[in-house]
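Colleague: after the sequence you'll find the predicted model.
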Amino acid sequence: MRILRAFALRATAGEPGSIVGVGTRAIMMWRFQRSGSMISHVRVAVAQINVTVGDLQGNVRKIVDFAGRAANAGADVLVTTELALSGYPPEDLLLRRSFYEACDAALMGLAAELAPFRDLHVLVGHPLAREGQRFNAASLLRQGMVLGTYRKHDLPNYDVFDEQRYFTPDNRPFVFEVCGTRFGVNICEDTWYSYAPECARAAGAQVLLVPNASPFHLGKQATRLQVTRQHVSGHGLALVYANQVGGQDELVFDGASFALDAQGELAALAPQFEEDLLLIDFDQGVPRGPICPERTPIEAQVYAALTLGVRDYVGKNGFPGGIVGLSGGIDSALTLAVACDALGADKVRAVMMPSQFTAEMSWLDARQLAHNLNVAYEELSIQPGFEAVLSALAKPLRGAAWDTTEENIQARIRGLLLMALSNKSGSIVLTTGNKSEMAVGYCTLYGDMAGGFAVIKALLKTLVYSVARYRNTLSPVIPERILTRAPSAELRANQTDQDSLPPYETLDAITDHRDHQAVQAGRGQGGPGRRRRHRPDRHRREGLRAAKGAHRAVSRRRVRGRLPAQDQDRGGCGRFDRGPGHRRDHARRSYRQDRRRQDLRADGRARGADPHRRNGRSGGLATTLTPALSRKRERERLASTRRRRLQ
């Protein structure tokens, strides 16, 4: 009703517009043209922004800022990212009614602030609660009003996603027209399947606008291109993919927003790991824009992701800085380099905590590293604390041989010292464990695992070395000996990691193979990982009904010659078939209905009823059977059917 009222106000103001409803579940199409002129050129801007979960006012300011930049650049449409208003992922904030009320108020405030940009249509992602249901939505704003809303259909529930816990799927496409180009809207996971893009195509869309919050992992951009080409370009739609950038908790979003033409060719690409306003010009529905080269090698992407993740985790959570425990090894060296590049050396504190087993070269390399990075550095020996603990445990452990107990005590004393410094200063401890060690338990609980943020937990040990070497290509801060010496925890004399572990090349190959098998075991049709769709029959049925209605409307326009040639060639939405099971069930129902009509017709003739009358009306079947007699006849018919089957 709000949309219809908004349209009525707009029509009263004298601006051209139209809305098309199909069936009881309306597919809405808005048409906007500047001063009635027929223009085939339209400029779309993508706001690749770094938003913060829960900071509604800060996110509003950022969207308004990018909208002003887009308007100054002559953009007609601005696309923001998924849940840009609230930040992604809001997690259990989505279970609070007050959060939706605050988001609604922020959306109305945003619409008012965008009103001065009269010719700019802004697509904003936000959470929406209506009639007891919660939706992942994107609304179109213009001149202070919400003109329409799309609600996400496919809700991911795998890996880091848990949207089925919070949201309800919806099945209605939303299409609007600007300057002669018809835009449809999908949200993120919708494009990993064909259903939602197909419905948008059926409703008349030529270009699909897709707000996203797609986290980064190695090879993710290639997967995005592959999936969107299959499910969007495969339906003859051009695509504008607006992805979030920045770190949020343990997730890192890499941006890399892009545009594809209807044939799936890359037409525009935004940079990775930084905010950007990507401008894409559509001439006769064909996009073109700047293509920013992807970061190479992969170590460059990894280092940028680590730096961005640390910067946003520390900054968005309000920590004044970070603390890193140095050991003279590769893991702490890379962690310290990332922290300094992310936060600035003035906000990082490096602490070396030697013991009787610390090699001299570890001292020297740690000091050299801190000097190269110009970071505050101090040394706190753990030897007095270690001896005090051994003295306290002398009686209970009398006669016991030296083992991992004494090794873990050393690691826990280091963790104790770092956490004490963190408590006093308010800075967060950045832990230094890597994926290879964590995967096999080569770490100490309450020791080297103690801290607030694990910077390199997703990096295999061999990748740690590769990324450290890449960092030295930017400036040689990590001493060469750290890169070449055998790794060691230095918790006993002459110790190396390979005393307990196979060579890291072997261990990493095993770990990587295991992870690959886990992905393969849960692979869904949409791509890597387990992708489970939440598509109740009711939503699916209503969506098909609406899409078929749209298909009929498109067909009528095609007959009248109102669609472009490429639309006439594709012929609307294609097939919306629910599969052989549906056809089989439909056939069974038809058979039962036909038998029922035959029995009623025969009973009616036997009792003298007019076979051409039904309930006093001509043209139908009438019967004078009572309800009890009807039930009796039905039981007899079913018994006869069972007997025939047994024969």
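Modeller: Great, that's in hand.
Colleague: got the buried residues for stretch 418-432?
Modeller: By neighbour count with 16 or more other C-beta atoms under 10 Å, stretch 418-432 contains the buried residues L418, M419, L421, S422, S427, I428, V429, L430, T431, T432. C-beta coordinates here come from the backbone N, C-alpha and C atoms, glycine included.
Colleague: need those residues in CSV (columns: distance to A256 and pLDDT).
Modeller: Below are those laid out as CSV (distance: C-beta to C-beta, whole Å; pLDDT from 0 to 100):
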residue, distance to A256, pLDDT
L418, 35, 98
M419, 37, 97
L421, 38, 98
S422, 34, 98
S427, 32, 98
I428, 28, 98
V429, 31, 98
L430, 26, 98
T431, 28, 97
T432, 28, 96
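Colleague: M361: which of the residues you listed is nearest?
Modeller: T432 (18.2 Å; C-beta to C-beta).
Colleague: need the contact list for G328.
Modeller: M352, T358, A359, M361, S362, W363, L364, D365, A366, I482, E490 (C-beta atoms under 8 Å, 6 or more residues apart in numbering).
Colleague: how about the fourth one, nearest residue that isn't a chain neighbour?
Modeller: Just to be clear, that refers to M361. Spatial nearest neighbour of M361, excluding adjacent residues (C-beta to C-beta, 6 or more residues apart in numbering): R481 at 6.3 Å.
Colleague: how about the CA coordinates for the one helix or strand the one you found maps to, as PDB?
Modeller: If you go by DSSP states H and E, R481 is part of helix 480-484. The C-alpha trace of helix 480-484 is given here as PDB (Å, rounded to 0.1, in the frame of the first residue of the first chain):
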ATOM      1  CA  GLU A 480      66.300 -13.000   5.700                       C
ATOM      2  CA  ARG A 481      67.400 -15.500   8.400                       C
ATOM      3  CA  ILE A 482      63.800 -15.700   9.700                       C
ATOM      4  CA  LEU A 483      62.700 -16.800   6.200                       C
ATOM      5  CA  THR A 484      65.400 -19.500   5.900                       C
END
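Colleague: show me the contact partners of that helix.
Modeller: By C-beta under 8 Å, 6+ apart, helix 480-484 touches G328, G329, I330, A333, M361, D365, L369, Y465, A468, R469, N472.
Colleague: I'd like the residues you listed as a markdown table, with secondary structure and pLDDT appended.
Modeller: Output for those, formatted as a markdown table (DSSP: H, G, I helix; E, B strand; the rest coil; pLDDT from 0 to 100):
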| residue | secondary structure | pLDDT |
| --- | --- | --- |
| G328 | coil | 95 |
| G329 | coil | 96 |
| I330 | helix | 97 |
| A333 | helix | 98 |
| M361 | helix | 96 |
| D365 | helix | 97 |
| L369 | helix | 98 |
| Y465 | helix | 98 |
| A468 | helix | 98 |
| R469 | helix | 98 |
| N472 | helix | 98 |
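Colleague: of those residues, just the buried ones, ChimeraX syntax please.
Modeller: Per 16+ other C-beta under 10 Å, the buried members of the contacts of helix 480-484 correspond to this ChimeraX selection:
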select :328,329,330,333,365,369,465,468,472
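Colleague: now the residue lying closest to R485 once chain neighbours are set aside: how far from L380?
Modeller: Leaving aside its chain neighbours, R485 sits nearest to M361 (7.2 Å; criterion: C-beta to C-beta, 6+ apart). Applying C-beta to C-beta, to the nearest Å, the value for M361 to L380 is 19 Å.
Colleague: the helix or strand hosting L140 packs against which elements?
Modeller: Counting by DSSP H and E, the element that carries L140 is strand 133-142. Counting contacts by 3 or more C-beta pairs under 8 Å, 6 or more residues apart in numbering; DSSP states H and E, strand 133-142 packs against helix 97-114, strand 121-130, strand 145-151.
Colleague: quick check: mean pLDDT of the second one?
Modeller: Going back to what we said before, that points to strand 121-130. For strand 121-130, mean pLDDT is 98.
Colleague: could you check how far P384 is from S422?
Modeller: From P384 to S422 the distance is 21 Å (C-beta to C-beta).
Colleague: cool, V227 as well?
Modeller: Following C-beta to C-beta, the distance that separates V227 from S422 is 42 Å.
Colleague: just N171 next, same as before
Modeller: Taking C-beta to C-beta, one finds N171 at 49 Å from S422.
Colleague: what of D170?
Modeller: For D170 relative to S422 (C-beta to C-beta), the value is 45 Å.
Colleague: residues contacting A262?
Modeller: Contacts of A262 (C-beta under 8 Å, 6+ apart): S233, G236, L237, A238, G285, V286, Q566.
Colleague: ok, 10 Å please
Modeller: 206-207, 232-239, 285-287, 566, 570 (C-beta atoms under 10 Å, 6 or more residues apart in numbering).
Colleague: ok, now how distant is it from G236?
Modeller: 5 Å.
Colleague: quick one: end-to-end distance for stretch 91-102.
Modeller: The first and last residues of stretch 91-102 sit 16 Å apart, counting by C-alpha to C-alpha, to the nearest Å.
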